[in-house]
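Novice: After the sequence you'll find the predicted model.
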Amino acid sequence: QVQLVDSGGGLVQAGGSLRLTCAASGRSIAGYTMAWFRQSPGKEREFVAAISYSGHSTNYANSVKGRFTISRDNAENRAYLQMTILKIEDTATYFCASRESIYEMLPTDIGRYPYRGQGAQVIVSS
């Protein structure tokens, strides 16, 4: 079983950048799809981005496409979410999630990811 710890959240001005890190332990993430979700107060958790076990395939929510980049380093057992041109509406708690898979398909449903981090809060100010 893999354990995930999210870090890198913080307060940033609109237009700025931030990088989130998902550190995994317990098992190698080499055979896992990695993803990021976020949740704002009063809203449902929403899909942000996902990357396949190989790193060859990625998927992004339309709201972050062109601004956010998901990546992974299997040797370091980490995944990342580089966020640029941040907007006030990006304010949320961001969660890393994973599922064991050696396929390139990238689900956007949180229910398909049994392993999740504790969350990292991102606040974007005007």
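Specialist: Yep, it's here. Numbers count the residues shown, from 1 in each chain.
Novice: For the rest of this, base every contact and every neighbour count on C-alpha atoms.
Specialist: Fine.
Novice: residues contacting the residue nearest in space to the middle of the chain?
Specialist: Geometric centre of the chain, nearest residue: residue 36, 2.3 Å, by Cα atoms, centre = their mean. Applying Cα atoms under 8 Å, 6 or more residues apart in numbering, one finds that residue 36 lies in contact with 47-50, 81, 94-97.
Novice: which of those residues tops the neighbour count?
Specialist: residue 96 (31 neighbours; other Cα atoms under 10 Å).
Novice: Determine the three-state secondary structure at that residue.
Specialist: strand (DSSP: H, G, I helix; E, B strand; the rest coil).
Novice: For residue 25, see how far away it is.
Specialist: Residue 96 is 13 Å from residue 25, where distance means Cα to Cα, to the nearest Å.
Novice: Need the per-residue pLDDT for residue 9.
Specialist: Residue 9 carries a pLDDT value of 95.
Novice: Can you verify my assumption that it contacts residue 124?
Specialist: No. Look at residue 9 against residue 124 with Cα atoms under 8 Å: they stay out of range, at 10.4 Å.
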